[in-house]
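Asker: sequence plus the predicted model coming up.
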Amino acid sequence: MRVFSEILRSKETLDEQLAYALTDPSFPAQGDFHRMLWLLNHPNVCKTSFEELVGPHGGGSAQLQEQAMKRVIDFLGITDVKPEEVAGNLFNSDSFSFYRGQIGGWREAFTPDHRRLASARFGDVLPLYGYE
């Protein structure tokens, strides 16, 4: 959302940007982890993760990426595409949602205070998604 991009750009440091994003209840996706928990239990939802999809460019493995793509392709019933054909297009370092696009990259950016804020906001639900 453009308004939040402007707000984040107005912050002088990454530390300030992260603190803002973790404390403003109207910041995009703040409630999504809780609101969308039902999707983890729905039989018509194919579950995957950034860590599975990002592949070697993002610190993951090509094998895990292809396995995840095969699972998604099979789930969708697509028969004319091979996982390796799609896998090469998944990593996009220019995506607005990437910070660095690396598995665990948040650990380098988060201060102890950011970790505390994130834990207070998401700590109860992240383990349900397979995260710490």
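Answerer: Nice, I can see it.
Asker: for Gln102, give me its contacts.
Answerer: Contact analysis of Gln102 by CB atoms under 8 Å, 6 or more residues apart in numbering lists 54, 58-59. Every C-beta, even on glycine, is put in place using the N, C-alpha and C of the backbone.
Asker: in strands, which of those fall?
Answerer: Per DSSP state E, strands hold no members of the contacts of Gln102.
Asker: which of these sits closest to Glu108?
Answerer: Gly59 (11.8 Å; CB to CB).
Asker: could you check how many residues crowd around His114?
Answerer: 17 (other CB atoms under 10 Å).
Asker: also Ile73?
Answerer: When neighbours are counted by other CB under 10 Å, Ile73 registers 18.
Asker: same thing with the one 4 residues further on?
Answerer: Here the number of neighbours of Gly77 (other CB under 10 Å) works out to 6.
Asker: cool, Ser61 as well?
Answerer: Counted with other CB under 10 Å, residues neighbouring Ser61 total 14.
Asker: the residue lying closest to it once chain neighbours are set aside - how many residues pack around it?
Answerer: If the residues on either side of it in the chain are set aside, Ser61 comes closest to Gly55, at 7.2 Å by CB to CB, 6 or more residues apart in numbering. For Gly55, the count of nearby residues is 21 (other CB under 10 Å).
Asker: now do the same for Pro25: helix, strand or coil?
Answerer: Secondary structure assignment for Pro25 (DSSP: H, G, I helix; E, B strand; the rest coil): coil.
Asker: do a quick rundown of the helices in this protein.
Answerer: 2-10, 14-23, 32-35, 50-53, 62-76, 83-87, 106-109, 112-122 (DSSP state H).
Asker: who's in contact with the fourth one?
Answerer: Outside helix 50-53, the residues within contact range by CB under 8 Å, 6+ apart are 58, 60, 64-65, 67-69, 90, 103.
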